[in-house]
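Undergrad: Build me a structure from this.
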Amino acid sequence: DCRSRTIKVPQNFSLQDCFMKWSRIKERSRKSEESFASILFRDFEDNEDVKQLLSAWTIEYSAVDALQDAKSDLKDDFTAVDAGGPEEQFAEDVWANLLGLQVSDGTKSLPLFTEEESEHGILPVGDKRFQSAFGVNTEAFRRVTSRAKLFYRAIGRFAAHCLCRGRPLPNYLMPKLLWNVALRDCKPTCRNYSSFDLGMDVLGMGVKLNSFEYMKTDCESPIKLRKLIEKTYISSNTIFLNGFSEGLLVVRSLYSYDTDFCQDLECFPLKDLFSNFSFETVETLILATRQYSAKDLLSKLVPVYSKNCDVILQETQRKVFCQGLRDILLKWEKDDPKKLPQFVQFCSGRSFLSTDPSSNFKIRVLFEEQTVEGNSSSPVRLPEAHTCESELSLPCKAYDGNVKVLEDKLTKALEYHQLFTMS
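TA: Model (predicted):
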């Protein structure tokens with residue numbers, strides 16, 4: 001059924017290996033797993049349902065036996081359960097593995113992104129690196145840059161898939177200066193790009209303050225400075241920007257804005273939709289961050305209390321949710337901020353949170369129902385994560401309201417979660 005395509009990926013997969021395999025696949029049958037993988041790389045035909053191609057993905061992780069011995073050492077009552085969410089996990093894995101992508105002419109290899117992140121996002125290597133590695137206007141240069149653009153376009157298409165499924169994009173995929181071009185077609189020479197924002201975004205590219213001040217001094221006018229910035233940081237990244245932007249399509253029905261230019265188009269470049277929006281608006285709508293406060297996280301939590309329990313137990317559950325979880329998350333924010341995205345990923349499969357206050361993403365904190373015989377599971381078990389529903393399940397008695405015990409259980413659950421693989 002071409003409406004539901006499944007792609008199988010191995011545990012701890014190499015994005016480089018997958019991209020190399022998928023980009024070489026020739027489309028043989030629309031029902032095959034291989035043709036689905038090639039959607040990332042092949043050209044779309046005029047009569048194809050692009051919305052269906054971009055959105056109808058099912059990810060299946062192949063099971064492995066690694067770490068089974070480690071898991072078997074854990075007692076049943078101390079097992080953190082991950083009940084699903086492979087698509088969320090796959091997205092996390094793809095974004096985390098971008099730095100491992102590279103292209104080669106058979107003798108030399110070049111990474112597609114810098115090995116280290118700038119302060120505000122990872123950086124594409126830039127056109128000059130391709131010229132330096134493979135020469136200018138050589139056959140090797142043309143072949144390698146063609147594959148690089150294919151890879152960048154595939155990343156853009158995967159980003160489009162995430163948006164079609166209502167999943168925001170991590171803001172660290174590129175610095176704000178490049179996001180402005182990719183999402184809004186707003187270049188440094190555009191009038192609506194304020195001088196202050198432009199200066200901050202140049203620094204976000206990893207430029208030292210003294211270097212930027214020298215650049216400003218060397219230019220005779222603000223216009224020349226803007227042209228220099230565009231030449232230095234935008235025109236020098238055409239391989240990445242052209243490939244990524246070509247892949248970053250948006251389906252017309254994805255957003256409800258009244259835009260005359262797209263009335264007759266099923267699919268069009270995302271930057272055509274957002275060109276008249278401020279970056280702050282676009283950022284709120286489709287970007288997400290891994291740097292958020294306990295307050296931000298608490299706003300995403302929704303309690304689901306047990307229905308069949310006595311008044312005392314109901315009050316214990318409310319105290320655990322309203323005070324216990326709040327105190328734990330505030331403590332983590334102060335002492336170990338990395339635990340906040342770990343907690344979100346444990347519960348939902350994703351570690352990023354949208355800054356959009358109208359986002360419908362929530363994490364349900366579910367207290368198990370009490371059966372006639374007692375609790376439905378051991379009262380001392382670890383919290384369980386049902387990532388398909390973005391749900392955190394706690395025992396009915398909620399550890400008798402003991403916040404210290406709850407924190408210890410959550411901490412162990414997060415630690416054990418690192419051992420678990422998707423299957």
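Undergrad: now what about the helix or strand harbouring Ile239, what contacts it?
TA: Secondary structure from DSSP states H and E places Ile239 in helix 238-247. Residues external to helix 238-247 that are found in contact with it (C-beta atoms under 8 Å, 6 or more residues apart in numbering): 112, 124, 126-127, 130, 145, 148-160, 178, 181-182, 234, 269-271. No exception for glycine: its C-beta is placed from N, CA and C like everyone else's.
Undergrad: rerun that using 6 Å as the cut-off
TA: 124, 127, 145, 148-149, 152-153, 156-157, 181-182 (C-beta atoms under 6 Å, 6 or more residues apart in numbering).
Undergrad: Mind checking the pLDDT average for it?
TA: Averaged over helix 238-247, pLDDT sits at 91.
Undergrad: Can you list the low-confidence ranges for this protein?
TA: Along the chain, the parts satisfying pLDDT under 70 run over 1-5, 26-38, 46-48, 51, 62-85, 115-120, 250-272, 370-379, 418-423.
Undergrad: Next up, the contacts around His161.
TA: When contacts are counted by C-beta under 6 Å, 6+ apart, His161 touches Leu54.
Undergrad: What ranges does the stretch 301-423 of the chain have for its helices?
TA: Applying DSSP state H, counting those that start in this stretch to the stretch 301-423 of the chain gives helices spanning 311-319, 326-335, 339-348, 403-417.
Undergrad: what comes up buried for the longest one?
TA: Right, the one you point to is helix 403-417. 403, 406-407, 409-414, 416-417 (16 or more other C-beta atoms under 10 Å).
Undergrad: Export it to CSV, keeping only CA atoms.
TA: The C-alpha trace of helix 403-417 is given here as CSV (Å, rounded to 0.1, in the frame of the first residue of the first chain):
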residue,chain,number,x,y,z
VAL,A,403,9.4,13.4,46.7
LYS,A,404,12.9,12.1,47.4
VAL,A,405,11.9,8.5,46.4
LEU,A,406,10.2,9.9,43.3
GLU,A,407,13.3,11.8,42.3
ASP,A,408,15.5,8.7,42.8
LYS,A,409,13.1,6.6,40.7
LEU,A,410,13.0,9.2,37.9
THR,A,411,16.8,9.4,37.9
LYS,A,412,17.2,5.7,37.6
ALA,A,413,14.6,5.6,34.9
LEU,A,414,16.5,8.2,32.9
GLU,A,415,19.8,6.3,33.4
TYR,A,416,18.3,2.9,32.3
HIS,A,417,16.7,4.6,29.4
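Undergrad: Residues touching it, excluding its own?
TA: Residues external to helix 403-417 that are found in contact with it (C-beta under 6 Å, 6+ apart): 80, 324, 328, 342, 346, 382-383, 399.
Undergrad: roughly how far apart are Met245 and Arg165?
TA: Slight slip there: residue 245 is Ser, not Met. Using C-beta to C-beta, to the nearest Å, one gets 20 Å for the distance from Ser245 to Arg165.
Undergrad: should've said Lys128
TA: Distance from Lys128 to Arg165, counting by C-beta to C-beta: 36 Å.
Undergrad: between these two, which one's more packed in?
TA: Arg165 (15 against 11; other C-beta atoms under 10 Å).
Undergrad: Need the phi and psi values for that one.
TA: phi -90, psi 10 (degrees, to the nearest 10).
Undergrad: which one is it nearest to, not counting chain neighbours?
TA: In this structure, Arg165 finds its nearest non-sequential neighbour in Ser55, 6.1 Å apart by C-beta to C-beta, 6 or more residues apart in numbering.
Undergrad: Thought Gly166 was touching the one you found, still the case?
TA: No - with contact defined as C-beta atoms under 6 Å, Ser55 and Gly166 do not form a contacting pair (9.7 Å).
Undergrad: who's more crowded, those two?
TA: Set Ser55 next to Gly166 and count neighbours by other C-beta under 10 Å: Ser55 wins out with 17 against 12.
Undergrad: how far away is the more buried one from His161?
TA: 7 Å.
Undergrad: and which of the buried residues of helix 403-417 is nearest Thr387?
TA: Thr387 lies nearest to His417 out of these, by C-beta to C-beta, at 10.1 Å.
Undergrad: burial measure for Pro383, as a count.
TA: Going by other C-beta under 10 Å, the residues that sit close to Pro383 add up to 22.
Undergrad: which helix in the chain runs the most residues?
TA: In the chain, taking DSSP state H as the definition, the longest helix is helix 139-164.
Undergrad: Pull out the buried positions in that helix.
TA: Of all the residues in helix 139-164, those buried under the rule 16+ other C-beta under 10 Å are 140-141, 144-145, 147-164.
Undergrad: For stretch 205-221, which outside residues touch it?
TA: So stretch 205-221 is contacted by 118, 175, 177, 202, 225, 228, 233 (C-beta under 6 Å, 6+ apart).
Undergrad: Can you flag the buried ones in those residues?
TA: By neighbour count, with 16+ other C-beta under 10 Å, those hold 118, 175, 177, 202, 225, 233 as buried.
Undergrad: Which residue comes closest to Ala133 once chain neighbours are left out?
TA: Take Ala133 and drop its neighbours on the chain: the residue closest to it by C-beta to C-beta, 6+ apart is Leu110, 4.9 Å away.
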